[in-house]
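# I would like the atomic coordinates for the input below:
(chains A and B)
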Amino acid sequence: MSKKNSRLIRDTYDAPVILSYISMTLFAILCVFPFYYIITVSISDPANVREGAMILWPKGFSLEAYRITFSHARFYSAFRISVFRTIIGTALGVSISSAMAYAVSRPYLHGHRFFTVFLVFTMLFNGGIIPTYLVVRYTGIIDTFWALILPNMLNTFNIIVLINFFQAVPAELEESAKIDGANDLVIFAKLMIPVAMPAIATITLFIAVYHWNALMDGILYINTPAKKPLQVYLNDIVLAGQTEDLFQDSSSKWLPTMSLKTATIVASTLPILVVYPFLQKYFVKGIMVGSVKG
Amino acid sequence: MKQSQTAAALIPKEKKRDWKKLGRELVRDRWLYLLMLPGIIWFVVYRYLPMFGLYIAFNEFSFAKGIFGGEFVGLKYFKYIFFEHRNFWQLVSNTLLINLYKLIFYFPTPIVFALMLNEIRSVKFKRTLQTLIYLPHFVSWVVFGSIIITFLNPTEGIVNQIIQAFGGQPVFFMSNPDYFRPIVILSDIWKEAGYGTIIYLAAITGVDPSLYEAGRIDGASKWQTAFYITLPCISETIVVMLLLDIGRMMNVSFEQIYVLANPTVYETGDVISTYVYRLGLGQGRFSLTTSIGLFQSVVGFILLTTCNAISRKAFDKGLW
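Take a look at the predicted model:
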């Protein structure tokens, strides 16, 4: 009896296990805390935020900061641009990537090896910031919506993941469809896309998150304030402290910047936080598919 | 004689048949070529054309004269950045040092976290932990950076409020060059270490369960199991990841540095990409910054191909 008990205790309360539980729980709390904190500050009564008191739980309740954030015209245009670029950029990126990956993945295709090297080389060497900027400028899309879509529409890594996935599909599937007289377009659309759905879903998630979070292309290619995406707007407001616009409305003069900044951060992160739990199961699978090629 | 004649007659015929076959196959696969066409065009325009644009590192570029119209100056800009430029080598060393510190302090963290997560028996609790620690990866650097800057604010920030509560003086974290690199490394751990565990957790699931069984029979403790069974079994993944990280030593996340840095910390925090952006687009020094970018690309290319070759040779695994 006592022997069984002591073994049970040793199994359950080993020092490394306890240490693991404690450290991972603390790290998980640390990962969530920033989000909890900014939400708390943003909904607290601005009067309490102004005093500079430490806020660990909501002090008072006010949505005043959100009212001002949402009534700001530039926030709206930036938000709209980010929504559009995410939808259009993801649709184009995913369809062109999968089509290309499928074609390149066919081992019998003439140029199969050439196209693979053609793709992989872009992971090793690139023209860099300035030459890419010049191409964007010379293709006439600088300072337009398309500068947020085209220059980073495809990602070599994503395409390689898809190629690996398509190559793992048994050849018999394609052969039997060909015997039935289907052409490559039909095989790709009706047969291969459904089979590759787990990989395509993951890539969709990656591309969508990229577009929502992208900052660099907006900074490099967009000058007109009304054309800037959300992350650039956020950078202007929160980091560069260009809050004068926000304070033009006289009723907001008394609001502390902290309330406004946190409200803006929350409003622009919320879409990610809302969809995150639903998408979580996909990306873990997807990373397994092709992070390092064996 | 006759035999050789037949052979000679056969060869061109054979070749002709091959061309026909090739033509037939190209026609047969026309839909596949159509499928890859948009992607190929994109890669040519936005990935390969910029490589030709690197030519402006060797001439005096101006928009009026175009990419190939400027006066050819050879290696003038390279001589300038290598021998005269005031802070070129500082940019290179900042870039390399930030990456070196990331290798020392960031790189082991996801491995340790994966080993720890592996010890957690309750599947539900483990999954909850994973959901929470992957979260920061999906938030942009602007958001995450502004949260960090808010936390470290000298007056309103929570960190300084705690310091002051214990009677200390407020610290100006974001404007002190000594603090910049630690902030970059720590924020990277905070944002990415959780997500980084995925690859190691995958490797751990691949460990042969009979090894654990054998360890249990031999009475190995949890520490011994982790150090003598799990770690050696995932060592291949670890070394491959390490080599790939070394291969990317010339690149630092532009967005992370852009968001966290400000002019007061440039001496330790300004990296090649942020400098090229500021001077190139801000002041129109296109040829100068392109030569810096070309240097970065070439060194990066050599590093990455070398590391990948080592990884391929030793483990038959790599980026390609």
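
# give me the number of residues near the residue of chain A with the smallest separation from chain B?
Nearest residue of chain A to chain B (Cβ to the nearest Cβ) works out as A:Gly127 at 2.5 Å. From N, CA and C alone the C-beta is placed, and that goes for glycine too. Here the number of neighbours of A:Gly127 (other Cβ atoms under 10 Å in any protein chain shown) works out to 24.

# not counting sequence-adjacent ones, nearest residue to it?
B:Pro50 (2.5 Å; Cβ to Cβ, 6 or more residues apart in numbering or on different chains).

# element containing that neighbour?
Element membership of B:Pro50, judged by DSSP states H and E, is helix B:49-53.

# how distant is that helix from the center of its chain?
Helix B:49-53 has its C-alpha centroid displaced from the chain centroid by 21 Å (Cα atoms, centre = their mean, to the nearest Å).

# dump it to PDB, restricted to CA.
Output of helix B:49-53 as PDB, limited to C-alpha atoms (Å, rounded to 0.1, in the frame of the first residue of the first chain):
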ATOM      1  CA  LEU B  49      14.000  42.200 -62.200                       C
ATOM      2  CA  PRO B  50      15.200  43.700 -58.900                       C
ATOM      3  CA  MET B  51      18.400  41.500 -59.200                       C
ATOM      4  CA  PHE B  52      19.100  43.300 -62.500                       C
ATOM      5  CA  GLY B  53      18.400  46.600 -60.700                       C
END
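
# please parse chain B into its domains.
B:2-57, B:89-315 (automatic domain parsing).

# for the stretch 51-200 of chain B, which segments count as strands?
For the stretch 51-200 of chain B, no strands turn up when DSSP state E, counting those that start in this stretch is the criterion.

# now do the helices in it.
Secondary structure of the stretch 51-200 of chain B by DSSP state H, counting those that start in this stretch: the helices cover B:76-79, B:88-101, B:108-119, B:123-134, B:141-151, B:158-165, B:177-205.

# most tightly packed of the ones you listed?
Greatest average neighbour count among these goes to helix B:141-151 (a mean of 23), per mean count of other Cβ atoms under 10 Å in any protein chain shown.

# quick one: work out the angle between it and helix B:158-165.
Here helix B:141-151 runs at an angle of 10 degrees relative to helix B:158-165 (axes from the mean of the first three to the mean of the last three Cα atoms, to 10 degrees).

# mind giving me the packing neighbours of helix B:141-151?
The contact analysis (3 or more Cβ pairs under 8 Å, 6 or more residues apart in numbering or on different chains; DSSP states H and E) places helix B:141-151 against helix A:15-43, helix A:230-234, helix A:257-290, helix B:177-205, helix B:254-260.

# could I have that helix exported to CSV, CA atoms only?
C-alpha atoms of helix B:141-151 as CSV (Å, rounded to 0.1, in the frame of the first residue of the first chain):
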residue,chain,number,x,y,z
TRP,B,141,5.3,43.9,-34.6
VAL,B,142,3.6,47.3,-34.5
VAL,B,143,1.1,46.1,-31.9
PHE,B,144,3.5,44.1,-29.9
GLY,B,145,6.2,46.8,-30.1
SER,B,146,3.8,49.5,-29.0
ILE,B,147,2.7,47.3,-26.0
ILE,B,148,6.4,46.9,-25.0
ILE,B,149,7.1,50.6,-25.4
THR,B,150,3.9,51.3,-23.3
PHE,B,151,5.1,48.9,-20.6
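
# A:Leu234: what's its closest spatial neighbour, skipping adjacent residues?
Nearest to A:Leu234 is B:Val142, by Cβ to Cβ, 6+ apart, at 4.9 Å.

# middle-most residue in the chain, spatially?
Answering for chain A, as no chain was given. A:Val209 (1.6 Å; Cα atoms, centre = their mean).

# my question was about chain B
Short answer for chain B (Cα atoms, centre = their mean): B:Arg248, at 5.0 Å.

# now residue 99: closest residue in space that isn't a chain neighbour?
In the absence of a named chain, this looks at chain A. Going by Cβ to Cβ, 6+ apart, A:Ala99 has B:Leu35 as its nearest residue, at 4.2 Å.

# can you look at chain B instead?
Counting by Cβ to Cβ, 6+ apart, the nearest residue to B:Asn99 once its immediate chain neighbours are dropped is B:Met249, at 4.6 Å.

# is it correct that that neighbour is in contact with B:Leu304?
No: using Cβ atoms under 8 Å, B:Met249 makes no contact with B:Leu304, being 9.1 Å away.

# list the residues that contact B:Arg47.
B:Arg47 makes contact with A:122, A:126-127, according to Cβ atoms under 8 Å, 6 or more residues apart in numbering or on different chains.

# sorry, back to before: residue contacts, the residue nearest to the centre of chain A?
By Cβ under 8 Å, 6+ apart, the neighbours of A:Val209 are A:272, B:138.

# pretty sure it is in a helix, no?
Yes: applying DSSP: H, G, I helix; E, B strand; the rest coil, one finds A:Val209 inside a helix.

# what about B:Leu103, how many neighbours?
14.
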